[in-house]
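>>> give me coordinates for this.
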Amino acid sequence: MLKLIFIILSIFMWTFSVFSQQDIWKPDTPFLDSVSVDYSNLNGNVIIGWEPSDSLDVMGYFIYRNFGDMSSTNFVTIDSVFGRTTTSYIDYSANAEFHSEGYRISAFDSSRNLSALSATHYTVYTSQTPETIDCQFHIKLNWNTYTGWADGITQYNIYRDKNHSGNLTYIGTVSGSQTYFIDKNITDNTSYCYYIRAIGHNGFSSSSNQICRVVNIPDNPQFITSLNASVESENQISLKFLVDTGAENISEYRVLRSNSLTGTYKTIKTIPFSKNSEINIIDNVPSDTKKYYYKIDAYNSCGKQIIESGIVSNIVISAINNGDLRHTLYWEDFYQWLGGIQNFELHRINDETDEVILSSIHSIDSYMDDISELPFNSHYYSGKFCYYIRYFEGSNNPYGYQDSSRSNMICTQESSRVFLPNAFAPLHDGSVNNTFKPSALFISKNNYRFTIFNRWGEKIFETYDPEKGWDGKYKSGKVAPSGIYIYTLMYQDANDNIQKLSGIFTSVQ
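Modelled structure (predicted):
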């Protein structure tokens, strides 16, 4: 009886031992063949595919996702699926449209034994950037290497959809070692969507996320215009240009100058691109009595000229002193306003007086100024007569501008004319000769000095004002006696030269 019990117990223990050993066996590790982004939409879902575990008692699979970057090992269980022959899973909580997602899986059996984790697979994440090559606009796709296939990658195929037609077509292939592609065949104001498909040596494939872009190629300027050239200061020409603020494909502007209309134009200033509609600069020239021609060109970042403006030129006026109190002036019309010429004004400046001596709507190129008719007796004239001309633009400028341009200033000098009497009668109120002073024409008020001495060399009168003379009295108010007196005169002529005169005269009481 005891022997029978021992035999039964031995069989039971053997059976228990056998079944206990089978329950702790780990299932075979499933083979994860690919992780692929559902490129058909833009929600970043990931489709995970694998081959069934070889262990027949496998009940299902656990899905793990990396919650760190690609260097992290922070794999966390996100879900499980049942059925040994289940071979796919869609991760609806993935964000593969923003970055690469990493996955692993494991199998579990009826005793909840877990297999080892599968190899790690990372989705292909693609992004795009505008790319300018030789100043031509393209789209550059960049992506990370697909990770997970032991045999590596043979190639990446690139697919594109135009204007959301739903027709993703193949446009090119690059090797498995290259992770970028440049699409040069694009047009402006068009939407393009792309995805990448990685092809492994083992025949498996994986698709990336879909990335979309509306192409807006930087616009070239539609216009660039030279508005004005004006001499507002000596040897300085003020230039004004109008540029297209909607332009984008510009790196810089170059302002150019030539000594003739058809001559060689050389860059005088480079201006970085900005969104300012007006460009205003001052050109310091060797002489503003020369004519200069200007234009402005726009260049892209490759140093290629995109567009050039029309040409404008400053106004030059010249003068000839005819020697008979007549000055002949010559000039040319302003070159070249979009609005045409409305009228011009010829100005004459004498000392601090600026007056318009001619205004006309007619195109003329010369004028003779007869100054002999000026009121010399009632007005002071230093002898330097300066002229400039200002042109006014017409109202037909298509950009709404109506400017004016000033020429250089040209001056001509009259010789000084100085006369001093040899006698005067200070006490004769009715006499026109009761104040002793020079009768002077065309002398400057600067550096003027008129002095009177008695015959003993004592200074009895002095003035720095050309309008004042000696009334025949001492400073005390006492009348000086009749007799011989000495004068000295220093003045500055119209050529800015200092002249000196001296002589004697008689005072008659």
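
>>> all strands for the stretch 351-500 of the chain, in order.
Counting by DSSP state E, counting those that start in this stretch, residue ranges of the strands within the stretch 351-500 of the chain are 353-360, 366-370, 384-393, 404-406, 410-413, 417-419, 423-424, 439-441, 449-453, 459-463, 483-492, 498-507.

>>> buried residues in the last one?
Yep, that's strand 498-507 we're talking about. Going by neighbour count (16 or more other CB atoms under 10 Å), the buried part of strand 498-507 is F505, S507. No exception for glycine: its C-beta is placed from N, CA and C like everyone else's.

>>> would you turn the strands of the stretch 351-500 of the chain into a markdown table with distance to G49 and mean pLDDT?
Below are the strands of the stretch 351-500 of the chain laid out as a markdown table (distance: least, CB to CB, whole Å; pLDDT from 0 to 100):
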| stretch | distance to G49 | mean pLDDT |
| --- | --- | --- |
| strand 353-360 | 90 | 95 |
| strand 366-370 | 93 | 96 |
| strand 384-393 | 75 | 96 |
| strand 404-406 | 77 | 96 |
| strand 410-413 | 90 | 94 |
| strand 417-419 | 112 | 92 |
| strand 423-424 | 126 | 92 |
| strand 439-441 | 110 | 89 |
| strand 449-453 | 110 | 97 |
| strand 459-463 | 113 | 96 |
| strand 483-492 | 103 | 96 |
| strand 498-507 | 105 | 95 |
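
>>> okay if I get those strands as CSV plus distance to I78?
CSV is the format used below for the strands of the stretch 351-500 of the chain (distance: least, CB to CB, whole Å):
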stretch, distance to I78
strand 353-360, 88
strand 366-370, 94
strand 384-393, 74
strand 404-406, 76
strand 410-413, 89
strand 417-419, 109
strand 423-424, 121
strand 439-441, 107
strand 449-453, 105
strand 459-463, 108
strand 483-492, 100
strand 498-507, 102
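
>>> how about those strands, which one is nearest S34?
For S34, the closest of those is strand 384-393, at 71.9 Å, according to CB to CB.

>>> and that closest one, which strands flank it?
If you go by DSSP bridges, strand 384-393 pairs up with strand 341-350 (antiparallel), strand 404-406 (antiparallel), strand 410-413 (antiparallel).

>>> V46 is nearest to which of the strands of the stretch 351-500 of the chain?
Using CB to CB, the nearest of those to V46 is strand 384-393, at 67.3 Å.

>>> chain center to that closest one: distance?
In terms of CA atoms, centre = their mean, to the nearest Å, the centre of strand 384-393 is found 34 Å from the chain centre.

>>> got the CA coordinates for that strand in PDB?
C-alpha atoms of strand 384-393 as PDB (Å, rounded to 0.1, in the frame of the first residue of the first chain):
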ATOM      1  CA  LYS A 384      28.600 139.700 -56.800                       C
ATOM      2  CA  PHE A 385      25.500 138.500 -58.700                       C
ATOM      3  CA  CYS A 386      24.700 134.800 -58.400                       C
ATOM      4  CA  TYR A 387      22.200 132.800 -60.300                       C
ATOM      5  CA  TYR A 388      20.400 129.400 -60.100                       C
ATOM      6  CA  ILE A 389      17.400 127.900 -61.800                       C
ATOM      7  CA  ARG A 390      14.700 125.600 -60.300                       C
ATOM      8  CA  TYR A 391      12.600 123.300 -62.400                       C
ATOM      9  CA  PHE A 392       9.200 122.000 -61.300                       C
ATOM     10  CA  GLU A 393       7.800 118.600 -62.300                       C
END
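
>>> T147: which of the strands of the stretch 351-500 of the chain is closest?
Closest to T147 of the strands of the stretch 351-500 of the chain is strand 384-393 (CB to CB; 69.0 Å).

>>> returning to what we had before: just the strands paired with strand 384-393: most buried one?
Highest mean neighbour count among these (mean count of other CB atoms under 10 Å): strand 404-406, with a mean of 22.

>>> tell me who's in contact with D493.
For D493, the contact set (CB atoms under 8 Å, 6 or more residues apart in numbering) comprises G383, Q413, S415, S416, F442, I443, S444, Q499.

>>> any idea of the pLDDT on it?
The model reports D493 with a pLDDT of 89.

>>> likewise D429?
In this model, D429 is scored at 65, pLDDT.

>>> circling back to that earlier point, S111: which of the strands paired with strand 384-393 is closest?
strand 404-406 (98.5 Å).

>>> returning to what we had before: which of the contacts of D493 has the most neighbours?
I443 (23 neighbours; other CB atoms under 10 Å).

>>> I'd like the strands paired with strand 384-393 as CSV, with distance to P375 appended.
Shown next, in CSV, are the strands paired with strand 384-393 (distance: least, CB to CB, whole Å):
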stretch, distance to P375
strand 341-350, 12
strand 404-406, 28
strand 410-413, 19
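
>>> of these, which is nearest Y195?
Each of these has some distance to Y195 by CB to CB; the shortest is strand 404-406, at 60.4 Å.

>>> which outside residues touch that closest one?
Under CB under 8 Å, 6+ apart, the answer for strand 404-406 is 228-232, 314-315, 334, 388-393.

>>> quick one on the thing from earlier: quick one: closest of the strands of the stretch 351-500 of the chain to N144.
Comparing these by CB to CB, strand 384-393 comes nearest, at 61.1 Å.

>>> so that closest one versus strand 353-360, what angle?
50 degrees (axes from the mean of the first three to the mean of the last three CA atoms, to 10 degrees).

>>> what bits of the stretch 1-150 of the chain have low per-residue confidence?
Along the stretch 1-150 of the chain, segments meeting pLDDT under 70 span 1-23, 132-134.

>>> now do the helices in it.
2-23 (DSSP state H, counting those that start in this stretch).

>>> which residues in it form strands?
31-37, 46-51, 58-66, 75-82, 88-91, 102-109, 121-122, 126-133, 136-143.

>>> so G200 sits against T147, correct?
No - look at G200 against T147 with CB atoms under 8 Å: they stay out of range, at 11.1 Å.

>>> quick revisit: could you dump the strands of the stretch 1-150 of the chain into CSV with mean neighbour count and distance to S360 added?
Output for the strands of the stretch 1-150 of the chain, formatted as CSV (neighbours: other CB atoms under 10 Å; distance: least, CB to CB, whole Å):
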stretch, mean neighbour count, distance to S360
strand 31-37, 23, 78
strand 46-51, 20, 83
strand 58-66, 20, 86
strand 75-82, 13, 89
strand 88-91, 16, 85
strand 102-109, 23, 85
strand 121-122, 22, 82
strand 126-133, 16, 53
strand 136-143, 18, 53
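
>>> just to revisit the earlier point, for the contacts of strand 404-406, which two are the farthest from each other?
Every pair of the contacts of strand 404-406 checked by CB to CB; the farthest is Y388 and E393, at 17.1 Å.

>>> can you tell me which residue is spatially central in the chain?
F273 (1.8 Å; CA atoms, centre = their mean).

>>> which non-adjacent residue is nearest that one?
Counting by CB to CB, 6 or more residues apart in numbering, F273 lies nearest to I250, which is 4.4 Å off, once chain neighbours are set aside.

>>> show me how to select, in ChimeraX, the buried members of the contacts of strand 404-406.
Burial among those is assessed by 16+ other CB under 10 Å; the matching ChimeraX selection reads:
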select :228,229,230,231,314,315,334,388,389,390,391,392,393
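
>>> tabulate the contacts of strand 404-406 (CSV), appending distance to D161.
CSV is the format used below for the contacts of strand 404-406 (distance: CB to CB, whole Å):
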residue, distance to D161
N228, 51
A229, 53
S230, 56
V231, 61
E232, 59
N314, 58
I315, 61
F334, 57
Y388, 67
I389, 65
R390, 63
Y391, 59
F392, 59
E393, 53
